[in-house]
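Asker: Show me how the following folds:
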Amino acid sequence: MNKVIENGQIDAIYKRISTMKKRLLLLVSVVSALSVSMTSTVHAADGPYSISKLIHTPLPIEVLVNARKITFADARPVNENGSVLVPVRVVSDNLGGKLSLVGKDITIVKGDRTIKLTIGAKTATVNGKVLALNAPANAVNGRTYVPLRFVSEAFGESVEWDSMNQFVWIGSKDIPKFEDVAKLVDIKPFLPYYKGSEGMLDPYWTGTKATKAYVLEYKDFPFQLNSSYYYRWDLIKSEGGSTYIRSSTTQKGSMGTGLFFLSNDKKYRNRGELTGVRESIGEYRIHYYKEASISDQDDFGDTNYMNFKLNNADYIGISGAVDTKAFPILVKNPFN
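Answerer: Numbers count the residues shown, from 1 in each chain. Predicted structure coming up:
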């Protein structure tokens with residue numbers, strides 16, 4: 001006898017086929033990353049037909065104390081003749097010093113150490129000993145800036161300049177695991193983004209979808225994910241005017257790690273690493289991801305995919321399960 005397939009069974013079959021198609025598309029995205037070349041010459045596709053160079057602009061300087069980023073409200077660090085200067089209150093507050101400002105004279109006391117600087121002077125004193133400065137303290141728009149390395153080392157802190165990431169590391173460089181800085185939350189608020197892409201909540205095909213998600217903020221960078229470090233994300237442009245995410249990591253796997261956007265129109269937008277553009281510089285790996293991608297048209301019929309902008313994403317996710325639970329890793333969009 002021929003078995004009769006009821007309407008409900010047909011709907012279930014179509015849903016299963018749709019899920020398998022999305023997983024296949026994700027697999028194709030990952031496999032395509034196998035062709036990534038380790039080269040410092042960077043090109044990328046602006047659209048379906050054009051190829052142009054990415055424009056590399058200087059990255060903003062970040063200061064980290066014990067591997068955690070200092071937050072700068074409005075006055076950012078500056079690089080003056082190779083010396084990084086920062087607002088003096090940022091130094092005293094984050095290194096635990098007591099600050100005194102009298103006219104052009106600056107005094108910072110911490111424990112048994114006293115540092116004295118004068119705006120414009122090329123020398124300073126530490127416990128009365130006169131020392132030369134690579135760059136003097138100065139005043140910019142009403143803010144007093146001091147040489148970061150000098151003050152930090154005067155307080156006995158180790159200081160390291162990371163030219164690749166434009167990081168000033170002060171103290172420990174023990175980068176925490178992402179689980180230690182992320183919030184583990186219920187998945188329910190994120191389910192609308194996954195409508196039509198529910199298979200992404202069960203990447204191992206276990207039959208059990210993720211019940212929770214890890215949520216980070218950009219201030220939580222850098223962090224460790226599996227055996228790789230994720231240092232920073234930045235936006236760069238191409239000569240054709242398109243936007244890309246530049247991701248600095250130590251992730252060396254030939255398959256690459258993809259990103260995905262949870263957009264405010266409640267869509268799951270997959271972004272594989274751009275093939276042929278990864279940079280390998282020492283221990284660092286620089287990855288690039290498109291803002292707009294034709295994958296949106298393939299995945300859910302968005303014929304206006306080139307109009308998508310990063311500020312329309314609520315969260316940026318890191319593709320790939322980290323354990324058998326396969327909880328999504330989501331970063332609140334720092335670019336909107």
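Asker: quick one, helices of the stretch 51-200 of the chain?
Answerer: 88-95, 148-154, 178-181 (DSSP state H, counting those that start in this stretch).
Asker: Would you indicate which residues of the first one are buried?
Answerer: This means helix 88-95. Val88, Arg89, Val90, Val91, Ser92, Asn94, Leu95 (16 or more other C-beta atoms under 10 Å). For every residue, glycine as well, the C-beta is placed using N, CA and C.
Asker: who are the neighbours in contact with the third one?
Answerer: To tie it back to what came earlier, the one meant is Val90. The contact partners of Val90, by C-beta atoms under 8 Å, 6 or more residues apart in numbering, come to Val63, Ile70, Phe72, Ala75.
Asker: Around Val159, how many other residues sit close by?
Answerer: When neighbours are counted by other C-beta atoms under 10 Å, Val159 registers 16.
Asker: quick one: average pLDDT of stretch 220-237?
Answerer: In this model, stretch 220-237 has an average pLDDT of 96.
Asker: mind saving the C-alpha coords of that stretch as CSV?
Answerer: What follows is stretch 220-237 as a C-alpha-only set of coordinates in CSV (Å, rounded to 0.1, in the frame of the first residue of the first chain):
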residue,chain,number,x,y,z
ASP,A,220,34.9,43.3,27.1
PHE,A,221,37.5,43.0,24.3
PRO,A,222,40.1,41.5,24.3
PHE,A,223,38.9,38.0,25.3
GLN,A,224,39.9,34.4,24.7
LEU,A,225,37.7,32.1,22.6
ASN,A,226,38.9,28.6,22.6
SER,A,227,42.6,28.8,21.9
SER,A,228,42.4,32.2,20.1
TYR,A,229,42.5,35.8,21.3
TYR,A,230,40.1,38.4,19.9
TYR,A,231,41.6,41.8,20.3
ARG,A,232,39.5,44.4,18.5
TRP,A,233,37.0,45.1,15.7
ASP,A,234,37.2,48.2,13.6
LEU,A,235,35.4,49.5,10.5
ILE,A,236,37.3,50.3,7.4
LYS,A,237,36.4,51.5,3.9
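Asker: Show me which residues of it are buried.
Answerer: 220-225, 229-234, 236-237.
Asker: picking that back up, for the buried residues of helix 88-95, give me TSV that also has pLDDT and distance to Pro147.
Answerer: Output for the buried residues of helix 88-95, formatted as TSV (pLDDT from 0 to 100; distance: C-beta to C-beta, whole Å):
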residue	pLDDT	distance to Pro147
Val88	94	10
Arg89	91	15
Val90	89	13
Val91	88	9
Ser92	90	14
Asn94	93	15
Leu95	93	13
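Asker: Include distance to Gly256 when you put the helices of the stretch 51-200 of the chain into a markdown table, please.
Answerer: Formatted as a markdown table, the helices of the stretch 51-200 of the chain follow (distance: least, C-beta to C-beta, whole Å):
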| stretch | distance to Gly256 |
| --- | --- |
| helix 88-95 | 35 |
| helix 148-154 | 35 |
| helix 178-181 | 18 |
